[in-house]
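1. Pasting a predicted model and its sequence here:
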Amino acid sequence: MVNIAIIGAGLSGLTAANKLNKLGSVTVYEKSRGVSGRMATRNSDPFFFDHGAQYFKIKTNSFRNFLSPMFKDHIIKEWKGTFAEIKDKKITYLNNDTHYVGVPGMNSIGKYLTSGINIKLNCEITSTIRKNNKWYLKNSQGNQSEGFDWLIVTVPSHQSLKFFNKETQVYSLVKSIKMNACFSLMLGFDNKIPMKFDAANVYNEDISWISVNSSKPGRNKEFCLLINSSNKWADQNIDIDKDLALNYIIDKGSDLLETNLRTAKHKVIHRWKFANTETKNNYSYLIDRVNNIAVCGDWLTYSRVEESFTSSNNMVNELTSIL
């Protein structure tokens, strides 16, 4: 039986684990205490925030078929909100796309996919060793894993470089992919704020997104907002003190909404160093048949939820033919 190690328990890693679990012994390593990666949700009772991916769309039949059981089990529902664009503080309403979310949080999709999968949480892999045609993984505690036949890496580009031999083509391709940062501000309120929309993409500002997270299906009713900084501002201020970032984005959001967001009773900010791929690339996945290593993730192409699945699914199809 082939032994496979997967680093990262986001959608790509969990998709691969589910599909490969029938072909061999699969172990998923995740440095965080929970699964889902950038499809993250934070429960700050009584407030509930999706502070990673905000929603997703479905463009292909393969993705829809993959999600079909989750629709049946009500893990995924349509977000029937009022969507808009804000350019130069002018609002344009949108009504031509269907937006889906995990229920009760975006991370519910990842949790659903963990059934029957061997996952080691709170286990940060710091390095890998290739020896006698086997992969050995070392964690932050200094422990080394058993030998694996194949290594699959799904974590964002520059986080994954430490797992590859610098002389390989995989290393050079992954290194060429630049990712941008983002700050996600979570605000919870005692009372509702009058809003003209439930979610909006924002242009030409240091804010790129603002939404009423509590307007999504299956969420707590307590009013809460999620505000993302622009990638440009985050890249320029990635090492700024978190309190300074929080206050800056609150002020920008207050100006945009023409209301005082400092009245929020709950204020937390999260720093994503690797949030979005800067430019669209032509790689769906990478496989090194000589060293038995594969790479997949939305960041290889362009950061979208469906591309996480597509990258993983395409990689598994080729890997299955090899195995």
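-> Perfect, thanks for sending it.

2. So the chain: which segments form each domain?
-> With domains defined by automatic domain parsing, the chain comprises 1-35+113-177+283-323, 44-106+179-278.

3. need those in JSON lines with mean neighbour count, can you?
-> All C-beta atoms are positioned from the backbone trio N, CA, C, and that covers glycine. Converted to JSON lines, the domains of the chain look like this (neighbours: other C-beta atoms under 10 Å):
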{"stretch": "domain 1-35+113-177+283-323", "mean neighbour count": "19"}
{"stretch": "domain 44-106+179-278", "mean neighbour count": "17"}
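
4. Just list what the longest helix along the chain packs against, helices and strands only.
-> Counting by DSSP state H, the longest helix found in the chain is helix 305-322. In terms of contacts (3 or more C-beta pairs under 8 Å, 6 or more residues apart in numbering; DSSP states H and E), helix 305-322 is packed against helix 11-20, helix 61-72, strand 285-288, strand 293-296.

5. any chance of the ones you listed in JSON lines, plus mean pLDDT?
-> Below are the helices and strands packed on helix 305-322 laid out as JSON lines (pLDDT from 0 to 100):
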{"stretch": "helix 11-20", "mean pLDDT": "98"}
{"stretch": "helix 61-72", "mean pLDDT": "98"}
{"stretch": "strand 285-288", "mean pLDDT": "97"}
{"stretch": "strand 293-296", "mean pLDDT": "98"}
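
6. Any idea which of those gets closest to residue 80?
-> helix 61-72 (15.0 Å; C-beta to C-beta).

7. Let me know the angle separating that closest one from helix 11-20.
-> Per axes from the mean of the first three to the mean of the last three C-alpha atoms, to 10 degrees, the angle that helix 61-72 makes with helix 11-20 is 90 degrees.

8. angle of helix 61-72 against helix 305-322?
-> Going by the same axes, to 10 degrees, helix 61-72 makes 110 degrees with helix 305-322.

9. Direction included, what does the helix or strand following helix 61-72 pair up with?
-> Note on helix 61-72: by DSSP states H and E, the next helix or strand toward the C-terminus is strand 76-78. Its sheet considered, strand 76-78 pairs with strand 100-102 (antiparallel) by DSSP bridges.
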